[in-house]
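In: sequence? don't have it. structure:
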Ligand SMILES: Nc1nc2c(ncn2[C@@H]2O[C@H](COP(=O)(O)OP(=O)(O)OP(=O)(O)O)[C@@H](O)[C@H]2O)c(=O)[nH]1
Ligand SMILES: [Mg+2]
């Protein structure tokens with residue numbers, strides 16, 4: 001287009017000709033037209049600026065580091081994310097601290113329901129008779145599921161586990177809910193020592209059963225709050241009894257907005273010994289649960305230490321999750337009114353992640369500030385499809401595999417041993433073409449739980465027959481599991497990528513943060529190298 005300084009309109013361009021003002025244009029019309037044109041120019045310049053800002057942002061975000069936390073449900077991804085948050089965004093952890101009360105109260109109420117429903121299934125007594133464990137009453141030829149979730153190969157571990165049971169799960173039937181336990185796997189009749197009968201035919205409860213019945217009654221107002229707490233956490237969605245509670249990104253804010261804030265009133269009493277923090281919240285539900293916990297914490301302790309419960313746990317008729325034990329052991333502290341969760345409490349709190357939760361923070365490394373985006377995914381099978389869109393842009397993956405789970409089965413597929421599922425999943429991650437160049441870190445996690453299980457005498461070979469007659473000690477078991485993961489990596493490593501492996505217990509802040517420091521450096525080095533190649 002020809003454009004001279006004097007005239008904005010050329011004589012030969014058809015568009016310009018079309019836009020040329022009519023020859024009959026009056027001065028007033030010209031005024032209006034010029035104003036309109038100035039406005040249009042402003043609008044166009046604004047759009048240009050926005051486009052430029054968008055381009056800059058894109059360019060800048062291309063420099064960001066994107067780290068995916070992958071692994072099956074309950075492997076410890078969100079716990080690891082909390083450790084990153086503690087390290088790089090401690091203020092946000094402080095802001096959220098109180099919202100974790102809802103999760104911890106929910107975890108406690110659920111654990112109590114699980115204990116009480118298991119007791120009910122055993123008529124509140126444990127005579128020590130040898131009831132078959134769920135997996136013992138099942139046939140041994142049940143094969144491992146070998147249809148991995150998204151397009152992977154058959155089980156990487158099929159030779160490892162051959163006695164995968166039908167019908168047992170990561171949470172054994174007892175661990176789901178009272179209803180599901182009673183209906184899905186009622187203990188066999190001969191497993192009970194029935195309550196004694198009086199001559200008149202009335203049932204007389206055994207003394208210990210009577211104690212438990214009393215505790216059940218006293219705890220019933222508290223246990224009946226489960227559904228309300230679940231609804232609070234899941235953002236108002238009704239959660240059916242026994243169903244898992246999933247939370248999306250941002251639930252902490254929502255919980256705080258719902259009144260999870262504590263008002264701390266320092267009440268100076270005349271009596272100096274009574275000078276204390278008087279705390280109350282603006283949330284009636286949490287206040288109610290907190291008051292009930294305070295009133296019943298001795299009952300909870302009594303139940304937890306009751307010989308029948310101790311015996312059922314020892315004989316693995318009652319299988320509690322690691323977080324249940326953590327909170328129940330400390331119920332006298334947590335049950336007090338005005339309770340504020342400690343960092344260790346938050347690290348042990350359990351709530352399932354739904355979809356993909358993004359957490360961003362600035363990391364200063366070698367004097368350079370870089371934005372890191374951590375993607376904490378939901379690990380259950382039904383959630384895994386939502387990972388894929390994040391593969392394209394990922395710089396690094398931390399794959400979290402809980403090696404304590406050798407005696408557990410997937411909740412979503414009770415035929416699949418959890419370690420086998422982890423190996424299948426790891427195979428798919430290693431083999432995925434989109435992830436070929438991604439920095440890969442493996443956390444063999446929950447080593448503290450593995451140690452505790454082996455110390456209790458749980459035998460690996462009983463669940464994983466190929467473990468055979470190896471020593472049932474921590475070192476041997478760890479070597480065995482590690483060898484399988486390394487083999488999976490070796491078999492799917494055409495690009496000769498390095499695998500960084502760590503033995504972890506991500507609830508342990510000191511060691512985990514030191515590992516995070518190491519992997520941050522190695523991820524960043526890899527990131528710089530790949531940036532230089534682009
Ligand atoms: N003792 C112990 N507990 C752990 C460890 N890692 C995780 N946990 C606990 O295991 C539970 C599950 O951990 P999460 O981090 O919620 O698991 P996740 O992988 O995010 O699970 P999904 O969100 O369902 O995919 C929590 O109660 C954690 O405190 C560990 O190394 N040792
Ligand atoms: Mg999670």
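Out: Good, I have the coordinates. Computed from a predicted structure; not experimentally measured. Numbers count the residues shown, from 1 in each chain. Ligands and ions are numbered 1, 2, ... in the order given.
In: Residues of this structure that sit close to ligand 1?
Out: By Cβ under 6 Å from any ligand atom, the residues of the chain that approach ligand 1 are 71, 73-79, 322-323, 347-348, 350, 352-353, 378-380, 445-446, 448-449, 505-507. Every C-beta, even on glycine, is put in place using the N, C-alpha and C of the backbone.
In: beta partners of the closest residue to residue 362 other than its chain neighbours?
Out: Distances taken as Cβ to Cβ, 6 or more residues apart in numbering place residue 369 nearest to residue 362, at 5.3 Å, with adjacent residues excluded. When assigned by DSSP bridges, residue 369 has beta-bridge partners residue 364.
In: number of nearby residues for the residue nearest to residue 360 when sequence neighbours are not counted?
Out: Leaving aside its sequence neighbours, residue 360 sits nearest to residue 373 (Cβ to Cβ, 6+ apart; 5.0 Å). Burial measure for residue 373: 18 neighbouring residues, criterion other Cβ atoms under 10 Å.
In: Mind telling me what element residue 373 is part of?
Out: When elements are assigned from DSSP states H and E, residue 373 belongs to strand 368-377.
In: residues near the nearest residue to residue 396 once chain neighbours are set aside, how many?
Out: Across the structure, with Cβ to Cβ, 6+ apart as the measure, the residue nearest residue 396 apart from its sequence neighbours is residue 439 (3.9 Å). Around residue 439 there are 25 other residues, counting by other Cβ under 10 Å.
In: OK, contacts around residue 439?
Out: With contacts defined as Cβ atoms under 8 Å, 6 or more residues apart in numbering, the neighbours of residue 439 are 395-397, 497, 500, 522-523, 526-527.
In: What about those residues, which are in helices?
Out: Judged by DSSP state H, those include 522-523, 526-527 as members of helices.
In: And these, which is closest to ligand 1?
Out: Checking the ones in helices among the contacts of residue 439 against ligand 1 with Cβ to the nearest ligand atom, the nearest one is residue 523 at 19.7 Å.
In: quick one: pLDDT of the closest one?
Out: Looking at residue 523, its pLDDT reads 83.
In: and it, what does it touch?
Out: Residue 523 makes contact with 65, 67, 395-396, 439, 441, according to Cβ under 8 Å, 6+ apart.
In: Distance of it relative to residue 424?
Out: Noted for residue 523: a distance of 25 Å to residue 424, by Cβ to Cβ, to the nearest Å.
In: Buried residues, the helix or strand where residue 95 lies. List them.
Out: Here residue 95 is covered by helix 90-96, with elements defined by DSSP H and E. Taking 16 or more other Cβ atoms under 10 Å as the basis for neighbour counts, the residues of helix 90-96 that come out buried are 93, 96.
In: burial count for the residue lying closest to residue 355 once chain neighbours are set aside?
Out: By the measure of Cβ to Cβ, 6+ apart, the closest residue to residue 355 outside its immediate chain neighbours is residue 386, 5.0 Å from it. Around residue 386 there are 14 other residues, counting by other Cβ under 10 Å.
In: swap in residue 209?
Out: Other residues near residue 209 number 21, with proximity taken as other Cβ under 10 Å.
In: Show the pLDDT at it.
Out: pLDDT for residue 209: 87.
In: any idea whether it is helix, strand or coil?
Out: Secondary structure for residue 209, judged by DSSP: H, G, I helix; E, B strand; the rest coil, is helix.
In: before we move on, what about the one 10 residues further on?
Out: Reduced to three states with three-state DSSP, the structure at residue 219 is helix.
In: Those residues of this structure touching ligand 2, which are they?
Out: Taking Cβ under 5 Å from the ion as the criterion, the chain approaches ligand 2 at residues 77-78, 353.
In: quick one: which of the residues you listed sit in strands?
Out: residue 353 (DSSP state E).
In: Would you confirm that residue 363 contacts residue 89?
Out: No - using Cβ atoms under 8 Å, residue 363 is not in contact with residue 89, being 10.1 Å away.
In: roughly how far is the longest helix along the chain from the heart of the chain?
Out: The longest helix of the chain (DSSP H) is helix 27-62. For helix 27-62, the distance from its own C-alpha centre to the chain's C-alpha centre is 46 Å (Cα atoms, centre = their mean, to the nearest Å).
In: How about it, which residues are buried there?
Out: For helix 27-62, the buried set under the neighbour-count rule, 16+ other Cβ under 10 Å, is empty.
In: Tell me the helix or strand right after that helix.
Out: The C-terminal neighbour of helix 27-62 among helices and strands, as given by DSSP H and E, is strand 65-70.
In: Show me which positions of that next one end up buried.
Out: Within strand 65-70, the residues that count as buried by 16+ other Cβ under 10 Å are 65-70.
In: Grab the nearest non-local neighbour of residue 381.
Out: According to Cβ to Cβ, 6+ apart, the nearest residue to residue 381 is residue 412 (4.6 Å).
In: Pull the contacting residues for that neighbour.
Out: Contact analysis of residue 412 by Cβ under 8 Å, 6+ apart lists 73, 380-382.
In: Helix, strand or coil: sort out it for me.
Out: coil.
In: Would you mind measuring from it to residue 463?
Out: Counting by Cβ to Cβ, the gap from residue 412 to residue 463 is 18 Å.
In: Equivalent analysis for residue 40, please.
Out: If you measure residue 40 against residue 463 using Cβ to Cβ, the figure is 73 Å.
In: remind me which residues of the stretch 101-250 of the chain are low pLDDT?
Out: Low-confidence segments of the stretch 101-250 of the chain, defined by pLDDT under 70, are located at 129-206, 236-250.
In: Let's see that with 80 instead.
Out: The model of the stretch 101-250 of the chain has pLDDT under 80 over residues 126-207, 235-250.
In: Which parts of this protein belong to which domain?
Out: Taking the TED database as the domain assignment, the ranges for the chain are 61-90+354-532, 96-124+207-262+281-348.
In: Could you give the number of residues near the residue lying closest to residue 398 once chain neighbours are set aside?
Out: Distance criterion Cβ to Cβ, 6+ apart; nearest residue to residue 398, sequence neighbours excluded, is residue 441 at 4.6 Å. As a burial measure, residue 441 scores 22 neighbours (other Cβ under 10 Å).
In: And for residue 328?
Out: Other residues near residue 328 number 21, with proximity taken as other Cβ under 10 Å.
In: Unless I misread the structure, it falls within a helix.
Out: Yes - with three-state DSSP as the criterion, residue 328 is assigned to a helix.
In: pretty sure it contacts residue 111?
Out: Yes - under the criterion of Cβ under 8 Å, residue 328 makes contact with residue 111 at 6.0 Å.
In: Mind listing the shared neighbours of these two?
Out: What both residue 328 and residue 111 touch, as defined by Cβ under 8 Å, 6+ apart, is the set residue 320.
In: Break down this structure into its strands, ranges please.
Out: Assigned by DSSP E, the strands in the chain fall at 65-70, 196-197, 203-204, 246-247, 262-267, 276-281, 352-353, 356-365, 368-377, 396-402, 439-445, 499-503.
In: And those: which comes nearest residue 123?
Out: strand 203-204 (10.1 Å; Cβ to Cβ).
In: How much space separates residue 72 from ligand 2?
Out: Between residue 72 and ligand 2 the distance, using Cβ to the ion, to the nearest Å, works out to 10 Å.
In: Counting neighbours, what do you get for that residue?
Out: If you count neighbours by other Cβ under 10 Å, residue 72 ends up with 27.
In: residues contacting it?
Out: Contacts for residue 72 (Cβ under 8 Å, 6+ apart) come out as 379-380, 401-402, 410, 418, 421-422, 425.
In: Quick check: which ranges of the chain have low pLDDT?
Out: Across the chain, the ranges flagged by pLDDT under 80 are 1-22, 51-63, 126-207, 235-282, 366, 524, 526-534.
In: quick revisit: show me what contacts the residue nearest to residue 355?
Out: With contact set as Cβ under 8 Å, 6+ apart, residue 386 has these partners: 355-356, 377-378.
In: One more: residue 418?
Out: Contacts for residue 418 (Cβ under 8 Å, 6+ apart) come out as 72, 170, 402, 405-406, 408-410.
In: Which residue comes closest to it once chain neighbours are left out?
Out: Once chain neighbours are set aside, the closest to residue 418 by Cβ to Cβ, 6+ apart is residue 405, at 3.7 Å.
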